[in-house]
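Peer 1: Requesting a structural model of the entry that follows:
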Amino acid sequence: MCCHLCGRWFRHLGAHIRVHGLDAAGYRERLGLLKTGPLAAADVSAAIANRQRAAYQASPAVRERFADGQAMARSGRLAWLARRSSITPQRASGRAEKLAAGRVTRATRRDEALTQRLTDLGATDLHSYLREHYAAGASLNSLAQATGLGRKRLRDEVVATGITVRAPGDTTAVGRRSRAVTADAEAAARLATDDLVGWLRHRRTDGWSRTRLGTAVGHSAQWVRWRLEG
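Peer 2: Here you go, the predicted structure:
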């Protein structure tokens, strides 16, 4: 083991670090090391563990000294206390690095997924796609589904293109027609038919009420009337 204070190597740092005026706990705390990290070479640590295990098995008095700790371990309190006191600078730094790397990885994957979606949509870049389709009346929801972006980020991207976001309820004729086509397609899929209006008219001829038809297609009776009269 290398002493972090003087750079010399030892099989066990326990005795050496006293020349620096520290005990094991003070050495770990000063250097931000894990409290459970060994200060001895692997074979020395193994020998100590074997010696302590043999003493525990052979001595009732030793086992009695460990009884309270074992009870705390079984109840989970020992793990809770250990976790609460284990956030050292070394561990905190490691966690921060892992979190940062994870965020970079997730951001990269999201960007790759977005690039692939835009390619599938025949778009060269996100902002030109948004300018073209939002200006034509597409809703934020439909654009979010198409691009795979969350609504908040999509709204931010629309604003970044210089387009004024429409107020809720404010839509265009193109947008209304787009939603109507989508609603018809969803209703036809629900009924497993390629001719939604024909299906509605046939059932109406059979005596179905508009309310019953609305329940079948998942829309209101008024929606059914519009389709039948359209």
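Peer 1: for the longest helix along the chain, packing partners?
Peer 2: When the chain is parsed with DSSP state H, its longest helix is helix 89-120. If contacts are counted by 3 or more CB pairs under 8 Å, 6 or more residues apart in numbering; DSSP states H and E, helix 89-120 sits against helix 126-135, helix 140-147. C-beta here means a position set from N, CA and C on the backbone, and glycine is covered the same way.
Peer 1: Now distance to residue 101 and mean pLDDT too, for the ones you listed, in CSV please.
Peer 2: As requested, the helices and strands packed on helix 89-120 are arranged in CSV below (distance: least, CB to CB, whole Å; pLDDT from 0 to 100):
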stretch, distance to residue 101, mean pLDDT
helix 126-135, 25, 82
helix 140-147, 26, 84
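Peer 1: Compare these and give me the one nearest residue 181.
Peer 2: helix 140-147 (10.9 Å; CB to CB).
Peer 1: Determine the angle, from 0 to 180 degrees, between the closest one and helix 89-120.
Peer 2: 100 degrees (axes from the mean of the first three to the mean of the last three CA atoms, to 10 degrees).
Peer 1: For helix 140-147, buried residues please.
Peer 2: Neighbour-count burial for helix 140-147, with 16 or more other CB atoms under 10 Å as criterion, is recorded at 140, 142-144, 146-147.
Peer 1: Format these as TSV; extra columns: distance to residue 180.
Peer 2: Listed next are the buried residues of helix 140-147 as TSV, based on distance: CB to CB, whole Å:
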residue	distance to residue 180
140	18
142	12
143	17
144	19
146	18
147	22
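Peer 1: check contacts around residue 16.
Peer 2: 3, 8, 10 (CB atoms under 8 Å, 6 or more residues apart in numbering).
Peer 1: before we move on, what SS does the residue lying closest to the last one once chain neighbours are set aside have?
Peer 2: The spatially closest residue to residue 10, leaving aside those adjacent along the chain, is residue 16, at 5.1 Å (CB to CB, 6 or more residues apart in numbering). Classification of residue 16 by DSSP: H, G, I helix; E, B strand; the rest coil places it in helix.
Peer 1: Point out where the chain drops to low pLDDT.
Peer 2: Across the chain, the ranges flagged by pLDDT under 70 are 83-95, 167-179.
Peer 1: Break it down into its domains, please.
Peer 2: 91-160, 173-229 (automatic domain parsing).
Peer 1: Save these as JSON lines, and put in distance to residue 67 too.
Peer 2: Shown next, in JSON lines, are the domains of the chain (distance: least, CB to CB, whole Å):
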{"stretch": "domain 91-160", "distance to residue 67": "30"}
{"stretch": "domain 173-229", "distance to residue 67": "65"}
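Peer 1: Out of those domains, which gets nearest to residue 22?
Peer 2: The nearest among the domains of the chain, by CB to CB, is domain 91-160 at 20.0 Å.
Peer 1: Can you give the distance from that closest one to the centre of its chain?
Peer 2: 15 Å (CA atoms, centre = their mean, to the nearest Å).
Peer 1: helices or strands next to whatever helix or strand residue 204 lives in in the packing?
Peer 2: Taking DSSP states H and E as the definition, residue 204 sits inside helix 196-205. If contacts are counted by 3+ CB pairs under 8 Å, 6+ apart, helix 196-205 sits against helix 173-191, helix 210-217, helix 221-229.
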